[in-house]
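Asks: Need a 3D model of the following:
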Amino acid sequence: MNATASGCPDIAIVIVNYNTSALLRDCLRSVFDSELDMARLAPAEQTSSPCLLNIDVCVVDNDSPDDSVAMVRREFPRVRVIANEGNVGYPAANNQGLRLYGFGSAEIAARALPRYALLLNPDTKLPPDALARMVAFMERTPRAGAAGPRLVRLDGSLDKACRRSFPTPEVSLYHMLYLDRLFPKSPRFARYNLTFQDERAVAKVDAIVGAFMLVRTEAIQQAGLLDETFFMYGEDLDWAKRITDAGWEIWYYPQVTVLHVKDAAARTSLKARREFYRAMRIFYDKHYRAGTPFWLDWLIRGGVTTVGALDLTARRLRGQYGRSAP
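Replies: Down below sits the predicted model:
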């Protein structure tokens with residue numbers, strides 16, 4: 001699973017880690033246990049791709065206080081490691097990994113880069129055929145700039161973020177008014193998480209989640225790297241928006257199911273929750289505010305602030321965040 005003779009792997013995998021050593025170990029084991037022999041796929045999934053796919057893995061660690069870096073260097077010597085001296089955030093750390101493989105350089109042609117980049121969270125666990133089947137889907141769907149699998153939580157429920165609509169002013173308003181939860185089967189009101197669609201159906205969507213985001217090199221070359229204005233949350237939505245704006249498609253491919261523990265590094269962090277609401281404002285300001293009527297702009301911005309304040313207060317009252325929470 002090393003790079004090809006030309007020096008380029010088929011898939012460059014970037015995993016940004018913070019303080020999740022045990023989960024990261026399981027994730028890396030599942031990556032290296034993945035079956036990358038395309039010849040073993042079902043006939044309907046066969047493509048003209050080489051029978052054996054090569055991968056290269058980079059872990060970018062955001063100054064974890066646990067033994068994540070030492071563990072990777074000790075147990076996975078083939079994995080490249082970037083050990084940051086501080087937490088630079090999720091998009092900036094992913095960009096570090098992507099640049100390691102040559103992405104983002106105007107001087108490097110797409111043919112000299114890996115065919116795909118995969119953003120992968122350390123709290124995911126892949127089934128053995130996940131990578132081969134996702135690549136096969138991308139090969140059969142030449143306008144797909146990015147694709148993601150069906151993600152499930154530990155209890156087997158769908159991680160709703162794995163297929164989404166862009167949070168336009170209308171979609172955001174319905175979400176803040178809880179209309180998507182009151183009418184989860186409504187094609188009008190439930191667009192935020194597309195709950196009106198069959199979770200087992202392959203679909204072209206607006207966005208997928210960065211926990212597993214397989215992106216075509218040509219799409220990255222046209223859309224650019226992730227926006228480092230975000231710290232965590234929102235950068236994957238923004239990337240999907242820029243990829244689609246460049247003329248590519250985003251696909252949800254539920255024939256592959258991946259386990260996602262979700263929020264393992266941010267579960268008890270007050271800062272992470274604040275960043276969630278900050279990301280909502282950044283995305284809205286960047287893509288929609290200029291074209292939004294004043295009254296709706298006021299309602300959306302006020303709604304994000306109010307909902308965020310109520311959510312953070314409720315979580316503190318439940319004791320989710322202690323006084324010293326970052």
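
Asks: drop to CA atoms for contacts and neighbour counts, all remaining ones
Replies: Noted.

Asks: Look at the closest residue to L179 other than its chain neighbours and give its secondary structure.
Replies: In space, not counting the residues next to it along the chain, L179 is nearest to F189; the distance is 5.8 Å by CA to CA, 6 or more residues apart in numbering. On the three-state scheme (DSSP: H, G, I helix; E, B strand; the rest coil), F189 is labelled coil.

Asks: F189 and F183 touch, don't they?
Replies: Yes: F189 is in contact with F183 according to CA atoms under 8 Å; the separation is 6.6 Å.

Asks: separation between W251 and R316?
Replies: Between W251 and R316 the distance, using CA to CA, to the nearest Å, works out to 37 Å.

Asks: which of those two has more neighbours?
Replies: When W251 and R316 are compared for neighbours, W251 comes out ahead with 25 against 14, by other CA atoms under 10 Å.

Asks: which SSE is that one in?
Replies: Here W251, judged by DSSP states H and E, is contained in strand 249-260.

Asks: What is that strand packed up against?
Replies: For strand 249-260, the elements it packs on are strand 124-125, helix 130-140, strand 144-152, strand 203-205, helix 235-245, judged by 3 or more CA pairs under 8 Å, 6 or more residues apart in numbering; DSSP states H and E.

Asks: could I get these as CSV with mean pLDDT and distance to V88?
Replies: As requested, the helices and strands packed on strand 249-260 are arranged in CSV below (pLDDT from 0 to 100; distance: least, CA to CA, whole Å):
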stretch, mean pLDDT, distance to V88
strand 124-125, 98, 21
helix 130-140, 95, 28
strand 144-152, 98, 25
strand 203-205, 98, 30
helix 235-245, 97, 14
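
Asks: export these to TSV and tack on mean neighbour count and distance to Y174?
Replies: Output for the helices and strands packed on strand 249-260, formatted as TSV (neighbours: other CA atoms under 10 Å; distance: least, CA to CA, whole Å):
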stretch	mean neighbour count	distance to Y174
strand 124-125	24	30
helix 130-140	21	32
strand 144-152	25	24
strand 203-205	16	18
helix 235-245	22	18
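
Asks: what domains does the record give for the protein?
Replies: Residue ranges for each domain of the chain read 11-163+199-260, 270-317, as given by automatic domain parsing.

Asks: Show me how far the first one is from its chain's centre.
Replies: In terms of CA atoms, centre = their mean, to the nearest Å, the centre of domain 11-163+199-260 is set 7 Å apart from its chain centre.

Asks: re the thing from before, okay, F189 and F183: which has more neighbours?
Replies: More neighbours surround F189 than the other of F189 and F183, with 25 against 14 (other CA under 10 Å).
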